[in-house]
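*Asks:* Provided below for reference: sequence and predicted model.
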Amino acid sequence: MSLKFFHILFISISILLNFLFSYWAQKNYFASNDSTYIYYMVFSIIAIFLLSYYGIKFLKKFKNFSNI
């Protein structure tokens, strides 16, 4: 497993976990009306966008990189 593949995999899993965390926060907000969950959801959505941006930049920078 190359370092590039591991990096892409790690970013993808992090984005997926942030989606799940955002869903969990939204679900708990509607159940309890506690505003803390809104903050969790907003920060998670921001993290999704930042990780996506980072992943795209990483792919563009290392698209010709190969491990032998």
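*Replies:* Noted; the coordinates are in hand. Bear in mind that the values here come from a model prediction, so they are computed numbers and not experimental data.
*Asks:* contacts, neighbours, all on C-alpha from now
*Replies:* OK.
*Asks:* Counting by contacts, list what the biggest helix by length in the chain packs against.
*Replies:* Identified as the longest helix of the chain according to DSSP state H is helix 3-32. Contacts defined by 3 or more CA pairs under 8 Å, 6 or more residues apart in numbering; DSSP states H and E place helix 3-32 against helix 36-61.
*Asks:* same for the helix it packs on, what does it pack against?
*Replies:* helix 3-32.
*Asks:* Can you tell me the closest non-neighbouring residue to the most centrally placed residue in the chain?
*Replies:* Nearest residue to the geometric centre of the chain (CA atoms, centre = their mean): residue 15, 2.2 Å. Leaving out its chain neighbours, the residue that sits closest to residue 15 by CA to CA, 6 or more residues apart in numbering is residue 48, at 5.5 Å.
*Asks:* Quick check: the gap between that neighbour and residue 2.
*Replies:* Look at residue 48 and residue 2: by CA to CA, to the nearest Å, they are 24 Å apart.
*Asks:* What of residue 10?
*Replies:* Taken as CA to CA, the span from residue 10 to residue 2 is 12 Å.
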